[in-house]
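1. Structure here, sequence nowhere to be found:
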Ligand SMILES: [Zn+2]
C-alpha cells in the first residue's frame, strides 16, 4: 500500500502530465470507485474543464479544476493512474477513463477496487475525512510545539499515536517504526511519558524518514505510461528495522525484535529503543 512519500511521487508525476489539460469526457466504468455520484453526473461535473493543478493532502490526491471543483482520489491498496495515447489499448481494471485534449487518456486502474474518487464543488468545504487530518508533516504547519502538545495529550502507545492520521499525518506502518528507531524511542511507551528532548528527537526523525523516502524517489520509478502491475513493486529498499526481525541492529548488533501492536507488526531494537 502506498504511503505518503509514494503518493507524493504519484502527484508529481501526474502534475507533469495533466496540468493545463482540458478534460473532454470522464467515463466512470466502475460505479463503486465514485460512490454517491452517478455516471452521468461524474461526466457532467468534469467534462470540459481544465485541470489547473494536482496537489496532495495526506494520501488524498487533489485535482484542482478550472471550474472550482476538486476531484479527490485515494489510491488505497492498488489504485494507480496510467497515461495512454488514444491508440493504446486499455490496461486491465481500467475503472475510470479521462479523455484529455492532448489526445491522451488518463486511466485509473485498480485491481482490488478499494480506490475512491469524489468531486467537491467548493474546495473550502472538503469532507470530514480530509478536514480532520493532522498538519502536513513536511510543511511549517507541523511544528515541534504541535507535536509535543499532541504527545502530552495522549496515553496511547507511541506507535499507535503515530499511525493516527488525525494526530500525526503521513506515517504508515513502515515509516512509523523507522522513525521510532531513528529517534531511539520505545514504540510501546505511552505518548505522554516521553521526555521533551526525546520527543524533539522523534519529531525530527518523522520529518527525516519522510523526506528521505521522498528523496529516494528514484527507487520508486513512477511510470505513468506503464499499465501493468503496481507502481510500487520496486527493488528492495533498505529499512533499518522494518521486516528485519532476528537480524542484527546496525547500531549495536542486538537482534531486531517484532511485536504485534493493534494487529500490526512493530519492529524495534530492544537495546537502542529501551526507553
Ligand atoms: Zn540497536
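-> Yep, that arrived. Just so it is clear, the model here is predicted, and its values are computed rather than measured.
2. How many neighbouring residues does residue 124 have?
-> Residue 124: 7 surrounding residues under other CB atoms under 10 Å. In this view, the C-beta of every residue, glycine as well, is placed from N, C-alpha and C.
3. so how far is the ion from it?
-> Shown here: residue 124 relative to the ion, a distance of 47 Å by CB to the ion, to the nearest Å.
4. which SS state does that residue fall under?
-> Counting by DSSP: H, G, I helix; E, B strand; the rest coil, the backbone at residue 124 sits in helix.
5. Any figure for the gap between it and residue 68?
-> Counting by CB to CB, to the nearest Å, the gap from residue 124 to residue 68 is 10 Å.
6. Next up, the contacts around residue 125.
-> Residues near residue 125 by CB atoms under 8 Å, 6 or more residues apart in numbering: none.
7. for this structure, longest strand please?
-> Longest strand in the chain by number of residues (criterion: DSSP state E): strand 49-57.
8. Going by contacts, tell me the helices and strands next to that one.
-> helix 4-18, strand 22-28, strand 60-65 (3 or more CB pairs under 8 Å, 6 or more residues apart in numbering; DSSP states H and E).
9. can you tell which of those is closest to the ion?
-> Between the ion and the helices and strands packed on strand 49-57, the shortest gap by CB to the ion is with helix 4-18, which sits at 24.4 Å.
10. Flag every buried residue along the closest one.
-> Within helix 4-18, the residues scored as buried using 16 or more other CB atoms under 10 Å are 4-11, 13-15, 17-18.
11. what's the answer for stretch 80-99, then?
-> Of the residues in stretch 80-99, those buried by neighbour count under the rule 16+ other CB under 10 Å are 80-84, 93-99.
12. next one: stretch 190-210
-> With the criterion 16+ other CB under 10 Å, stretch 190-210 contains buried residues 191, 194, 198-199, 201-203, 205-207, 209-210.
13. quick one: it to chain centroid distance?
-> 21 Å (CA atoms, centre = their mean, to the nearest Å).
14. what sits up against it?
-> Against stretch 190-210 from outside (CB under 8 Å, 6+ apart): 4-5, 137-138, 142, 144, 147-148, 150-158, 161-162, 168, 170-171, 175, 178-180, 182-185, 275.
15. Which of those fall in helices?
-> Using DSSP state H, the members of the contacts of stretch 190-210 that fall in helices are 4-5, 144, 147-148, 150-152, 158, 161-162, 175, 178-180, 182-183.
16. Write out the residues of the stretch 101-250 of the chain neighbouring the ion.
-> residue 249 (CB under 5 Å from the ion).
17. Pick out the residue in the stretch 101-250 of the chain sitting closest to the ion.
-> Taking CB to the ion, the stretch 101-250 of the chain has residue 249 as its residue nearest the ion, at 3.0 Å.
18. Look up the closest residue to that residue, ignoring the ones flanking it.
-> residue 269 (4.1 Å; CB to CB, 6 or more residues apart in numbering).
19. Can you get me a residue count around that neighbour?
-> Residue 269: 24 neighbours (other CB under 10 Å).
20. Would you mind listing where the stretch 1-150 of the chain has pLDDT under the threshold?
-> For the stretch 1-150 of the chain, no stretch has pLDDT under 70.
21. what's the next secondary structure element after the lengthiest helix in the chain?
-> Using DSSP H, we find that the single longest helix of the chain is helix 196-215. Per DSSP states H and E, the first helix or strand lying C-terminal to helix 196-215 is strand 257-261.
22. Tell me the helices and strands packed up against the helix or strand that that following strand is followed by.
-> Downstream of strand 257-261, the next assigned helix or strand under DSSP H and E is strand 264-268. On a contact count with 3+ CB pairs under 8 Å, 6+ apart, strand 264-268 meets helix 173-183, strand 257-261.
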